[in-house]
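Novice: Curious how this folds, go ahead:
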Amino acid sequence: MSDVFHSLPPAPVGLTVTDLDQHYGSAQVLRNVDFCIEPGSCVGLLGRNGAGKTTLLRCLAGLIPISRGRIILGETDITDLSPDRRARAGLAIVPQGREIFADLTVGENLRVAARAHDLDRTNAVDEAVALFPALRGLWNRPGGNLSGGQQQQLAIARALSTRPRLILLDEPTEGIQPSIVSAIEAVIEGLKGRITVLLVEQYLEFAVRLSDSFVVLSRGGVVERGTRESLDHAALARHIAV
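Specialist: Just a heads-up that it's a prediction; the model follows:
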């Protein structure tokens with residue numbers, strides 16, 4: 001792992017979210033969301049289904065508009081930037097459901113992402129695939145023909161092939177077999193310190209093992225925050241119980 005991603009940007013970036021609100025029509029989904037992520041750390045974003053976690057990630061990526069607030073990536077205010085400009089500023093998202101290009105092969109999925117960031121003439125794709133070697137054997141297979149675990153590996157590798165400085169991961173273990181969960185965990189652990197990670201996860205043990213600190217959402221607002229050591233894990237479990 002230490003030899004992988006030698007060409008990453010020189011440093012990961014932090015994220016500061018201030019007083020963020022989001023509405024769907026007249027319904028307010030997020031309210032006064034406020035938190036910071038230190039560069040190179042992994043923060044677990046927890047909460048029950050419907051708490052607003054996926055909506056928050058999509059707001060950070062610029063995929064849906066916010067009603068109020070500021071989003072600062074490193075020293076850059078990205079609040080009003082389009083999704084592609086946020087991506088070029090160093091932000092990548094692996095959405096829930098993966099959203100790979102089903103009709104493109106594994107290789108094409110990766111090369112398209114790298115090309116969009118002018119990285120097609122670099123080692124960016126090879127570096128991403130080195131983290132998930134099974135993708136080499138699937139290189140010419142259409143993404144839609146992969147298993148759920150294979151698609152998740154492809155989705156993460158595709159995001160990493162853009163050489164992000166901060167990556168948003170939305171439920172990366174959902175519906176994935178244990179062996180692939182272990183592989184994904186090893187990749188995320190190896191990326192800490194090199195890339196900043198915001199991890200949405202319902203599998204609490206997975207999140208606790210990886211996360212340096214936590215932000216807990218309930219009904220669209222932050223109700224708990226703190227380090228892995230300072231927060232009561234039993235209380236965290238109650239916040240994500242259905």
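
Novice: dump the residue contacts of Gly148.
Specialist: Listed by C-beta atoms under 8 Å, 6 or more residues apart in numbering, the contact set of Gly148 reads Gly175, Ile176. The way it works is simple: take the backbone N, C-alpha and C, and place the C-beta from them, glycine included.

Novice: Need phi/psi at it.
Specialist: phi -60, psi -40 (degrees, to the nearest 10).

Novice: At the geometric centre of this protein, which residue sits there?
Specialist: What sits nearest the mean C-alpha location of the chain, by C-alpha atoms, centre = their mean, is Leu168, with 1.8 Å.

Novice: Using just helix, strand and coil, how would you label it?
Specialist: Following DSSP: H, G, I helix; E, B strand; the rest coil, we place Leu168 in the strand state.

Novice: Just the strands from the protein, written as ranges.
Specialist: For the chain, the strands defined by DSSP state E cover 15-24, 27-37, 42-46, 68-73, 76-77, 91-94, 166-170, 196-200, 213-218, 221-227.

Novice: May I have the strands that pair with the second one, each with its orientation?
Specialist: In the sheet, strand 27-37 lines up against strand 15-24 (antiparallel) (DSSP bridges).

Novice: contact partners of the strand it pairs with?
Specialist: Under C-beta under 8 Å, 6+ apart, the answer for strand 15-24 is 28-37, 52, 55-56, 59-60, 64-73, 166, 196, 198, 220.

Novice: And stretch 222-234, by the same measure?
Specialist: 32-35, 204, 208, 211-217, 235-236, 239.

Novice: on that earlier part again, can I get the buried part of the contacts of strand 15-24 as one PyMOL selection?
Specialist: With 16 or more other C-beta atoms under 10 Å as the criterion, this PyMOL line picks the buried residues out of those:
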select buried, resi 29+30+31+33+35+37+52+55+56+59+60+64+66+69+71+72+73+166+196+198+220
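
Novice: from the contacts of stretch 222-234, which two are the most distant?
Specialist: Asn32 and Val208 (26.1 Å; C-beta to C-beta).
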